[in-house]
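Student: no sequence for this one, just the structure:
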């Protein structure tokens, strides 16, 4: 984009130079030459500053990742990161659905930006894993595995959230037809079921009490079955022309990414439980199937 602006600017300056040579003579040309030189220097300085700022921000992200792993109690820090990410993901998911139903462009834009930022933060942790492990986890292979798994699951979870918020915003921003009544009711029902699962997963992760895990897995299986049925029903409506193709695809994206988010939450729960077992930390039973 910068080169395009520079090219346009150069073209305009050339036109002005031609005009000044015709009407203002060499004095005006000299003044304009000085002005052009100033613009060139200013442009290079601004470009250098921008590059320096980007490098600084990148370094800060890497430092943040290292700091996360260098804390005295890494397991607690990772646990806090997991809880915070899940809670924020639930909030953004719920508000995105509400914003989509109300066709609130501003809210959807803000939620998209927030989801992108959360994904970028987790993504930076994922791609600094090698250096992080060298600095902090040389003596504890279980902790290393726990960290790697959690960051990877959170990365996939937040990626799915981006794949929900961004299409929702773009759909409304492009003035496409909103969701139908049936689609809205379906997603509200799915959201309600997902909230129950998320709340129980959060409780188990934070408390170490896995006595409710069989019930949560049953709820998960029931939700997945319902997601499959809803997907099949929507595909039929699209094929018969009962559903708008744009809103239909957005609806299907919601269903697919919701399933992915639930799966990654399950994986986070599994990873947390496994680490507690390996580390010999107190944990309430029974330990159920995953």
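Tutor: Cool, the structure landed. None of these values were measured; they are calculated from a predicted model.
Student: List the contacts of residue 261.
Tutor: Applying CB atoms under 8 Å, 6 or more residues apart in numbering, we find residue 261 in contact with 89, 93, 157, 160-161, 194. All C-beta spots, glycine's among them, are computed from the backbone N, C-alpha and C.
Student: Which of the residues in the helix or strand where it lies are classified as buried?
Tutor: Residue 261 belongs to helix 245-279 when assigned by DSSP states H and E. Neighbour-count burial for helix 245-279, counted by 16 or more other CB atoms under 10 Å, picks out 247-248, 250-255, 257-269, 271-276.
Student: so where do the strands sit in the chain?
Tutor: Counting by DSSP state E, the chain has no strands at all.
Student: so where's it shaky on pLDDT?
Tutor: Scanning the chain for pLDDT under 70 picks out 1-40, 42-48, 51-74, 129-140, 280-290.
Student: Can you give me the domain boundaries for it?
Tutor: What automatic domain parsing lists as the domains of the chain is 2-51, 71-279.
Student: Would you mind finding the most buried of those domains?
Tutor: Most buried of the domains of the chain by mean neighbour count (mean count of other CB atoms under 10 Å) is domain 71-279; its value is a mean of 17.
Student: any idea how far residue 175 is from residue 165?
Tutor: Distance, residue 175 to residue 165, using CB to CB, to the nearest Å: 18 Å.
Student: before we move on, what about residue 152?
Tutor: On the measure of CB to CB, residue 152 and residue 165 end up 21 Å apart.
Student: Please apply the same query to residue 76.
Tutor: For residue 76, the distance to residue 165 (CB to CB) stands at 29 Å.
Student: And for residue 50?
Tutor: Counting by CB to CB, the gap from residue 50 to residue 165 is 27 Å.
Student: and if you look at residue 78?
Tutor: From residue 78 to residue 165 the distance is 25 Å (CB to CB).
Student: hang on, isn't residue 253 packed against residue 170?
Tutor: No: using CB atoms under 8 Å as the test, residue 253 is too far from residue 170 to be in contact (11.0 Å).
Student: any idea how far the residue nearest to residue 78 when sequence neighbours are not counted is from residue 251?
Tutor: The spatial neighbour of residue 78 that comes closest, neighbours along the chain excluded (CB to CB, 6 or more residues apart in numbering), is residue 150 at 5.3 Å. With the distance defined as CB to CB, residue 150 ends up 31 Å from residue 251.
Student: cool, and residue 91?
Tutor: 21 Å.
Student: And residue 171, by the same measure?
Tutor: Separation of residue 171 from residue 251 (CB to CB): 10 Å.
Student: what's near enough to touch the closest residue in space to residue 161 that isn't next to it in sequence?
Tutor: Spatial nearest neighbour of residue 161, chain neighbours left out: residue 115 (4.8 Å); criterion: CB to CB, 6+ apart. When contacts are counted by CB under 8 Å, 6+ apart, residue 115 touches 92, 158, 161-162, 164-166.
Student: Show me which of the residues you listed is closest to residue 85.
Tutor: residue 158 (6.7 Å; CB to CB).
Student: Thanks again, I'm all set now.
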